[in-house]
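# pasting the sequence and the predicted model now:
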Amino acid sequence: MANPKLYPWRRQVMRFGIWNVLYRFWIRMHVEGWENIPADGPVVMMGNHINAIDPVVMISFYPDRDIVPLAKIEAFDQPFIRYFVRHWGAIPVNRGEADLTALKTALEHLRAGQIVMLYAEGHRHKTGLQQGQEGSAYIALKTDATIVPVAIWGTQVFPFGWIKSVQRFHVYVRFGKPFRFKREGDKLPREHFRAMTDEAMYRIAGLLPPEWRGVYSDLSQATTEHLDLDVTWQPVAQRIPGRALDPLPGTSS
């Protein structure tokens, strides 16, 4: 495992490479909602997951703050990806089980005021959103973290779309308005975790084009009973490189 003291400069080098190699030759980025990223405090970035390239795209957006993604334990054994996740400082997680070590590490990062990237579905899905897992609600509640829903699409063609056309393909990222989960007192409302998770997933679905909303396609079923939408935040100061994405028909933030 890399020395944690080396993470800051290694992450700067990796971000430079992403913007000047990946985005220059492979991907044309479109971004909306940059102002919805808080400049400080614990933040859970909660999004959909389509392709293995998604975490690479997401971590490139934080010039003011580093994001720490959760990565499946298998990624630490794959030659190229292993180098990336180890030197970035990603949190290894065993999927399909209650990984208490990964949970503890994620909580430690959030309590230190960092950003943690969670994919609530638990797996990649190229056919649209699937039901979210309740662990994301637990992590956010346990740390009183601000949640930023984020949607990504267009990565489903990577890398074969580029190989076939030999030109950059378009990837779209939309950050939604921050919110928190409601809680009363010190006790975690475990009986409401399912409802909380689904309400958060609908916030992600509302940022996606209709064809990517999956099991959360019917936005009329979305509720906000367990969400605190009255959240104030100071946006990150540094502006993102590249062009912004105009809102697409049929989506909302």
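The structure has been received and is ready for your questions.

# isn't Ala200 right next to Gln133, touching?
No: taking Cβ atoms under 8 Å as the definition, Ala200 is not a contact partner of Gln133, at 10.9 Å. For the C-beta atoms, the positions are set from N, CA and C on the backbone; glycine is no exception.

# so which of those two has more stuff around it?
Ala200 (24 against 19; other Cβ atoms under 10 Å).

# which of the three states applies to the more buried one?
With DSSP: H, G, I helix; E, B strand; the rest coil as the basis, Ala200 sits in helix.

# so where's the protein uncertain?
Scanning the chain with the threshold set as pLDDT under 70 gives 1-6, 62-64, 73-83, 95-98, 159-166, 238-253.

# if we can go back for a sec, which residues do Ala200 and Gln133 both contact?
Overlap of the contact sets of Ala200 and Gln133 (by Cβ atoms under 8 Å, 6 or more residues apart in numbering) consists of Ala120.

# quick one, helices of the stretch 151-253 of the chain?
Using DSSP state H, counting those that start in this stretch, the helices of the stretch 151-253 of the chain run over 160-165, 193-205.

# CA atoms only: put the last one into PDB for me.
In this case it means helix 193-205. Coordinates of the C-alpha atoms in helix 193-205 are reproduced here as PDB (Å, rounded to 0.1, in the frame of the first residue of the first chain):
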ATOM      1  CA  PHE A 193     -32.800   2.900   5.600                       C
ATOM      2  CA  ARG A 194     -34.600   1.300   2.700                       C
ATOM      3  CA  ALA A 195     -36.800   4.400   2.200                       C
ATOM      4  CA  MET A 196     -33.900   6.700   2.600                       C
ATOM      5  CA  THR A 197     -31.800   4.900   0.000                       C
ATOM      6  CA  ASP A 198     -34.600   4.900  -2.500                       C
ATOM      7  CA  GLU A 199     -35.300   8.600  -2.000                       C
ATOM      8  CA  ALA A 200     -31.600   9.200  -2.700                       C
ATOM      9  CA  MET A 201     -31.600   7.000  -5.700                       C
ATOM     10  CA  TYR A 202     -34.600   9.000  -7.100                       C
ATOM     11  CA  ARG A 203     -32.400  12.100  -6.800                       C
ATOM     12  CA  ILE A 204     -29.800  10.400  -9.000                       C
ATOM     13  CA  ALA A 205     -32.500   9.200 -11.400                       C
END
